[in-house]
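Colleague: After the sequence you'll find the predicted model.
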Amino acid sequence: MTLPTPELHTDRLRLRPFTDADAAPLHALHSDPHVLRYWDSPPWTDPARAQRFLAMCRRIEEEGTGARLAIERGSDGAFIGWCGLVDWNPDFRSAVVCYVFGREAWGHGYATETVHDLLRWGFDTLDLNRVRADVDTRNGASARVLEKLGFVREGTLREDCIVDGDVSDSWVYGLLRREWRPVEGS
């Protein structure tokens, strides 16, 4: 069963399926150590890594296990990051939300706007009951995004990730359909 990747629009952003033209900006994003300091893998050094990521995006769509979307700023079409709902389980009506933004996009509310629209699609189209998010405990900005959207911190995964020898804990957040409060007009 395939899961077609949607195209979504917010007031300021366009969330769309990836294309091959996204390889270079995707590599630039994932090769920035500052952007990936709280990520669960080290920065990319091989440009071919972007092609493998794009192939994985197509694979999860074809397998029907999720969707990853490129994020463009509406005003100028600039690639500013990506987001996704992955590990979709239609039997359990659950998925995991993920997102990453380039530094120039930080502090503008884009993450909150993006995740809100992605959640709307997930609850309305995929009939989700639960969405999970995992956040490095040092990433307060990402935790605040989730909490603004109604996610509840459910626990801590101790020493969950080891990236380049750096051990870190992760918070597990969850949002249930009955807790979801969509913002009107977005």
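Modeller: Here it is on my side, so go on.

Colleague: so where is this structure shaky, pLDDT-wise?
Modeller: Along the chain, the model assigns pLDDT under 70 to residues 184-186.

Colleague: now do 80
Modeller: Scanning the chain for pLDDT under 80 picks out the ranges 1, 183-186.

Colleague: what about the strands in it?
Modeller: For the chain, applying DSSP state E gives strands covering 8-9, 13-17, 67-73, 79-89, 94-101, 130-136, 152-163, 166-176.

Colleague: partners of the first one in the sheet?
Modeller: With DSSP bridges as the criterion, the sheet partners recorded for strand 8-9 are strand 13-17 (antiparallel).

Colleague: The partner strand relative to strand 79-89, how many degrees between them?
Modeller: Calculated by axes from the mean of the first three to the mean of the last three C-alpha atoms, to 10 degrees, strand 13-17 forms an angle of 50 degrees with strand 79-89.

Colleague: what's in contact with strand 13-17?
Modeller: 5-9, 57, 61, 69-74, 77, 80, 83, 110, 113-114, 117-118 (C-beta atoms under 8 Å, 6 or more residues apart in numbering). Heads up, the C-betas are built off the backbone N, CA and C, glycines and all.
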